[in-house]
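>>> need a 3D model of the following:
(chains A and B)
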Amino acid sequence: MIYSDIALSAVFVAVVLDLFLLKSRMMTRGIFWLTYFLILPFQLLTNWWLTSNKIVMYSDTEIIGQRLAGAPIEDLLFGFSMILLTISAWEFFKERSSIDTH
Amino acid sequence: MENLHYAYVLIFIGLCAIGVNFGFKLQFSKKIKLFLLTDSLILVIYLIWDFWAVSKGSWFFDSKQILGIMLLGKLPIEEVLFFIIVPLMTVLTYLALTKLTGWGNKESRDLL
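Numbering: from 1, shown residues only, chains lettered A, B, ... in the order given. Alright, predicted model coming up:
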């Protein structure tokens, strides 16, 4: 399993958690996509900084080789999974904590 | 100052977070418990992934451009902080946009 496989799996796991386990269903909501597409250019900016300065480097055998803003294209999948999971978990815990206080 | 190169990213996002929190009056200090719960999930998943990837050499760091404090001898402290600061900024962005658009209420399941 190289980075590409794991990154794809991370998206799959995040989607399954969001839709079926945490049931926040953020993927079905415009506010999630708006948030994602606002964060995306900042991800590209930090990716560019980290890779063009060679602060973080990737093994050639671990990526498919396509790059965007200096970073492996796989980073988009990683970023998407983390943003989705963060907001989905936030809504899940918020929901639960408001039930607890009633 | 070269060893701060990675840390600059964290400082930049941290400053954005402070700006968004106060600019949009999000009162994040009242939501810290909720954030810690959320981030504990993120930390567990992504630090395990990161640790595993660094162990097998999927990616690696320039030792001159990081602070040099390593978790379990392998993972730069910047990586740990990244998985705290980025989710923090994600939540703040989400809260600010919810406030700005009014799309946060339950009724607005607007795509499906």
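>>> report the separation between the nearest residue to residue B:66 once chain neighbours are set aside and residue A:8.
Nearest residue to residue B:66 in three dimensions, chain neighbours excluded: residue B:76, at 4.5 Å (CB to CB, 6 or more residues apart in numbering or on different chains). Every residue, glycine included, has its C-beta placed from N, CA and C. According to CB to CB, to the nearest Å, residue B:76 stands 25 Å off from residue A:8.
>>> more neighbours, these two?
Set side by side, residue B:76 and residue A:8 show more neighbours around residue B:76, with 24 against 15, by other CB atoms under 10 Å in any protein chain shown.
>>> for that one, phi and psi?
The phi/psi pair for residue B:76 (degrees, to the nearest 10) reads phi -60, psi 140.
>>> contacts only, for it.
Neighbouring residues of residue B:76 by CB atoms under 8 Å, 6 or more residues apart in numbering or on different chains: B:6, B:61, B:66-70.
>>> what's the closest of the residues you listed to residue A:61?
Comparing those against residue A:61 with CB to CB places residue B:61 closest, at 17.9 Å.
>>> I figured that closest one hits residue A:56, correct?
Yes - the criterion here is CB atoms under 8 Å, and residue B:61 meets it with residue A:56 at 5.8 Å.
>>> any residues in contact with both of these two?
residue B:6.
>>> where does residue 62 land on pLDDT?
Answering for chain A, as no chain was given. Model confidence at residue A:62, given as pLDDT, is 92.
>>> my bad, chain B
For residue B:62, the model assigns a pLDDT of 97.
>>> for residue A:97, same thing?
On the pLDDT scale, residue A:97 gets 86.
>>> helix or strand for it, which one?
Following DSSP states H and E, one finds residue A:97 within helix A:74-100.
>>> what does residue B:68 show for phi and psi?
Backbone torsions of residue B:68, given as degrees, to the nearest 10, read phi 100, psi 0.
>>> what does residue B:62 give?
With angles defined as degrees, to the nearest 10, residue B:62 sits at phi -80, psi 110.
>>> find the nearest non-adjacent residue to the spatially most central residue of chain B, please.
Against the mean C-alpha coordinate of chain B, by CA atoms, centre = their mean, the closest residue is residue B:86 at 1.9 Å. Closest residue to residue B:86 apart from its sequence neighbours, by CB to CB, 6+ apart: residue B:13 at 6.5 Å.
>>> residues of the helix or strand hosting that neighbour that come out buried?
Counting by DSSP H and E, the element that carries residue B:13 is helix B:5-23. For helix B:5-23, a neighbour-count test (16 or more other CB atoms under 10 Å in any protein chain shown) marks B:5-10, B:12-14, B:16-17, B:20-21 as buried.
>>> and stretch A:14-34, by the same measure?
A:14-15, A:17-18, A:22, A:24-27, A:29, A:31-32, A:34.
>>> run the chain-centre distance for it.
12 Å (CA atoms, centre = their mean, to the nearest Å).
>>> and chain A, which residues reach chain B?
For chain A, the contact set with chain B under CB under 8 Å from any CB of the partner chain comprises A:2-3, A:6, A:10, A:13, A:25, A:28-35, A:38-39, A:42, A:46, A:49-50, A:53-59, A:62, A:82-83, A:85-87, A:89-90, A:93-94, A:97.
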